[in-house]
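1. Whatever this is, show me its structure:
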Amino acid sequence: MLGLVNQFVYRPDATFTPLDFTPEELGLAFEEVVVESADGVRIFGWYLPAWNANHALLYCHGNAGNIGDWVQAAPPFVESGISLLIWDYRGYGHSQGQPSEEGLLLDGLAMWHWLKARAKADGLPASILGKSLGSAVAAHIATQEKPTGLILDSAFTSMREVVSLHASWVPMEMVPPLYESLEWVPAITCPTLVVHGEQDMLVPLAQGQRLFDAITAPKTMRVIPVAGHNDISTYADYDEAVLNFLLDPDEYVAGR
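-> A predicted model of the protein is given here:
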């Protein structure tokens, strides 16, 4: 049953870009980043340094495609002075290994440690954004570390709840606990922005609301009224919320 669930959770094959695609094709400067997870798996990413940077951000992408697909989201960040580290989970893109919950959580910590060191050297605050599947990875990192800020984009409560919505024929007792974000988020201590589309049909807004309610750290939530799951970042309200939060997470949360 775990193999069937994994086919639902991990979709590295759902990519629209060739493996030799680079951010140069979007006019973005970049550095290749390769880190080794705690279990020895080599994980690949791109660091996109912003000119006159004011912040650094670890971007944990969704379950489908690789960073060649997801780097399309980078320009608004880089143009706003946010240096971005976008990376692939094990088994995705150029990263080694096979995806698993344990592996992805190790990968996220390894990439965060790289970004934190780079941000410190550059004198920048460092935050984390997690999209969909990446929201669980980002939340887990924030329970182990204290980033300047955390953004949970289209986040779910647990993978079992998502599976139960979209594969109701699968007996839930056969689905192992996976990415139990609702249990993790009370341990987060940094300012947190939860952003969710009101029309999200993949991860209903109610799950994002329950996560928000469970967070005990300083927090705020932004609901984008007409946005769904995959198009949320195309709305101006999304950019306004996310980019303004990153200017000063403490002030943004206090003012909401």
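2. residues contacting residue 45?
-> 32-35, 67, 85-88, 111 (C-beta atoms under 8 Å, 6 or more residues apart in numbering). Using the backbone N, CA and C atoms, a C-beta is placed for each residue, glycine as well.
3. so where does it fall, helix or strand?
-> If you go by DSSP states H and E, residue 45 is part of strand 42-48.
4. Tabulate the CA atom coordinates of that strand in CSV.
-> Output in CSV follows, covering the C-alpha atoms of strand 42-48 (Å, rounded to 0.1, in the frame of the first residue of the first chain):
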residue,chain,number,x,y,z
ARG,A,42,23.5,14.2,-2.7
ILE,A,43,20.8,16.9,-3.2
PHE,A,44,20.9,19.4,-6.0
GLY,A,45,19.6,23.0,-6.1
TRP,A,46,20.0,26.5,-7.6
TYR,A,47,20.9,29.6,-5.6
LEU,A,48,19.6,32.7,-7.3
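5. Which SSE is immediately downstream of that strand?
-> Counting by DSSP H and E, what follows strand 42-48 is strand 55-60.
6. Which strands or helices does that next one pack on?
-> strand 82-87, helix 101-122, strand 126-131, helix 133-144, helix 236-247 (3 or more C-beta pairs under 8 Å, 6 or more residues apart in numbering; DSSP states H and E).
7. quick check: angle from the first one to strand 126-131?
-> So that's strand 82-87. Relative orientation of strand 82-87 versus strand 126-131 (axes from the mean of the first three to the mean of the last three C-alpha atoms, to 10 degrees): 50 degrees.
8. List of residues touching strand 82-87?
-> Counting by C-beta under 8 Å, 6+ apart, 33, 43-50, 53-61, 67, 70-71, 74, 77-78, 95, 107, 111, 114-115, 118-119, 122, 124, 243, 246 sit against strand 82-87.
9. Within the sheet, what are the partner strands of it, with directions?
-> strand 42-48 (antiparallel), strand 55-60 (parallel) (DSSP bridges).
10. The residue nearest to residue 52 when sequence neighbours are not counted: neighbouring residues, count only.
-> Distances taken as C-beta to C-beta, 6 or more residues apart in numbering place residue 81 nearest to residue 52, at 5.8 Å, with adjacent residues excluded. Residues lying near residue 81 (other C-beta atoms under 10 Å) number 16.
11. for residue 225, same thing?
-> Every residue meeting other C-beta under 10 Å relative to residue 225 is counted, giving 9.
12. contacting residues for it?
-> Counted by C-beta under 8 Å, 6+ apart, residue 225 has contacts 198-199.
13. Residue 35 against residue 111, yeah?
-> Yes: judged on C-beta atoms under 8 Å, residue 35 makes contact with residue 111 at a distance of 5.9 Å.
14. pLDDT averaged over the strand holding residue 45 - what is it?
-> Averaged over strand 42-48, pLDDT sits at 98.
15. Would you pull up how far it lies from the middle of the chain?
-> Relative to the mean C-alpha coordinate of its chain, strand 42-48 is positioned 14 Å out (C-alpha atoms, centre = their mean, to the nearest Å).
16. ok, now stretch 116-123?
-> With C-alpha atoms, centre = their mean, you get 20 Å for stretch 116-123.
17. Residues contacting it, please?
-> So stretch 116-123 is contacted by 47, 53, 56, 83, 85, 125-126, 145 (C-beta under 8 Å, 6+ apart).
18. count of neighbours near the closest residue to residue 187 other than its chain neighbours?
-> Nearest non-adjacent residue to residue 187, counting by C-beta to C-beta, 6+ apart: residue 143, 4.1 Å away. Neighbour count for residue 143, taken as other C-beta under 10 Å: 16.
19. All good on my end, thank you.
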